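Chemist: sequence-free structure coming up:
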């Protein structure tokens, strides 16, 4: 696979392909053409072909793509299905929501512990995982093989916690605190900004109303 | 403003500019050059200049951009600060998290009601907003001026609820159910897929580990 050359824009479209192909698979569809994908996904057909060519290109002229095979390849590239072990820092609403999202475990993302500083919530069972005191995080990460840290704390703690997680051997940070955390080379981070999509929604609403 | 011509890619970068400029403003910075922005934001400087030119271009050669002014312009384009009134459908963890996120109200996004079908949670006070029975949503939307519906229910209910919200006059849907909902022309939708950023994170982790 030559995925080192895959551009950022393509990478960001892969999850969308994955979701689309998963839907097709559940409806029993075996093959799909780039023109049908284009219509369903609201993407340009030649862009779809270019994107999929980036990682080997499994389409055949006049035959289309094999749904299951293409989905498997995209999963492999994204690392979906590969086992990942994660801890959640912060047992507020977002932390609890992530623990309850069953799909993650099916896809290989296992949340094995959740930590918080709030005495009120420590010991609470969230979907079979008991909230542990924050001060035990270090020992837990030394005793267990954890490759991912999920931060759902207020923003003032996020960078410090990211640094601590990285120093304890975590290789990826999924950050929900509304601030961009930074990590050293060799470690990966995704900063999620929920409000970004709210801003884009309000842009589109205004744009739509001006067209009326 | 010529924002009808602004491309989707530029629109998706605007929230990032907005966040960056907000940070600069809180530190008292008055001017910023595209080369400093480029370094801080990890974007190409000429792309930044092109992006900002799209909506009028406020930079001056050798002087840079005025932080406060540029931020205000981006806010105007995104509709941040314009009053929006929203209802949340589904009082689970995500719904509750959104109600508790204070920043939204400061930026003009007011959540005025939250609805759920669960008898256990109806009547609960979440940050000053009481959870109402789902069956009262229709009447509420007829009696109140609401332009945005936020869906945080399981995916099997999402499209039906979006249709109902739109038929009751809502102009924008912010959807957190893990399925793409569709709306008629003239209405806007943003489908949030939290797991997409998890997939991208696991891609980067694999990519990073192969470089080791």
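Modeler: Done, it's in. Since this is a predicted model, take the numbers as computed values, not measurements.
Chemist: which residues in chain A form helices?
Modeler: Applying DSSP state H to chain A gives helices spanning A:8-26, A:34-41, A:45-54, A:67-78, A:93-100, A:103-106, A:137-143, A:155-167, A:194-211.
Chemist: where in chain A is pLDDT low?
Modeler: For chain A, the stretches flagged by pLDDT under 70 are A:1-5, A:55-61, A:212.
Chemist: and the longest strand for it?
Modeler: Using DSSP state E, we find that the single longest strand of chain A is strand A:109-116.
Chemist: Show me what counts as buried in that one.
Modeler: By neighbour count on 16 or more other C-beta atoms under 10 Å in any protein chain shown, the buried set for strand A:109-116 is A:109, A:111, A:113-116. Yep, even glycine has a C-beta here, placed from its N, CA and C like the rest.
Chemist: Stretch A:63-71 too?
Modeler: A:64-67, A:70-71.
Chemist: circling back to that earlier point, and the longest strand of chain A, what other elements does it pack with?
Modeler: strand A:84-89, helix A:93-100, helix A:103-106, strand A:129-133, helix A:137-143 (3 or more C-beta pairs under 8 Å, 6 or more residues apart in numbering or on different chains; DSSP states H and E).
Chemist: The second one vs chain B: in contact?
Modeler: What it means is helix A:93-100. Yes - under the criterion of C-beta under 8 Å from any C-beta of the partner chain, chain B is reached by helix A:93-100 at A:93-94, A:96-98, A:100.
Chemist: do stretch A:122-141 as well
Modeler: No - against chain B, stretch A:122-141 shows no contacts by C-beta under 8 Å from any C-beta, the least distance being 9.6 Å.
Chemist: which ones are touching residue A:123?
Modeler: If you count contacts by C-beta atoms under 8 Å, 6 or more residues apart in numbering or on different chains, residue A:123 has them with A:130-131.
Chemist: Once you drop chain neighbours, what's closest to residue A:206?
Modeler: Counting by C-beta to C-beta, 6 or more residues apart in numbering or on different chains, residue A:206 lies nearest to residue B:79, which is 4.6 Å off, once chain neighbours are set aside.
Chemist: what about the one you found, how many neighbours?
Modeler: Neighbours of residue B:79 under the rule other C-beta atoms under 10 Å in any protein chain shown: 24.
Chemist: Phi first, then psi, for it.
Modeler: Main-chain dihedrals, residue B:79, degrees, to the nearest 10: phi 80, psi 20.
Chemist: thought it was touching residue A:205?
Modeler: Yes - assessed by C-beta atoms under 8 Å, residue B:79 is found in contact with residue A:205 at 6.7 Å.
Chemist: quick one: the spatially closest residue to residue A:137 that is not a sequence neighbour from chain B, how far?
Modeler: Counting by C-beta to C-beta, 6+ apart, residue A:137 lies nearest to residue A:115, which is 4.8 Å off, once chain neighbours are set aside. Plainly put, residue A:115 is 17 Å away from chain B if you go by C-beta to the nearest C-beta, to the nearest Å.
Chemist: Next up, the contacts around residue A:115.
Modeler: Each residue near residue A:115 by C-beta under 8 Å, 6+ apart is listed here: A:87-91, A:131-134, A:136-137, A:140.
Chemist: mind redoing it with 10 Å?
Modeler: The neighbours of residue A:115, taking C-beta atoms under 10 Å, 6 or more residues apart in numbering or on different chains as the test, are A:87-91, A:95, A:122, A:131-137, A:140-141, A:153, A:161.
Chemist: now swap in residue A:167 and tell me
Modeler: A:138, A:141, A:184.
Chemist: Repeat that for residue A:160.
Modeler: Contacts of residue A:160 by C-beta under 10 Å, 6+ apart are A:153, A:181.
Chemist: Tell me the buried residues in stretch A:117-131?
Modeler: A:121-122, A:126, A:129, A:131.
Chemist: what's the closest of those residues to chain B?
Modeler: Nearest to chain B among the buried residues of stretch A:117-131: residue A:126, at 9.6 Å, using C-beta to the nearest C-beta.
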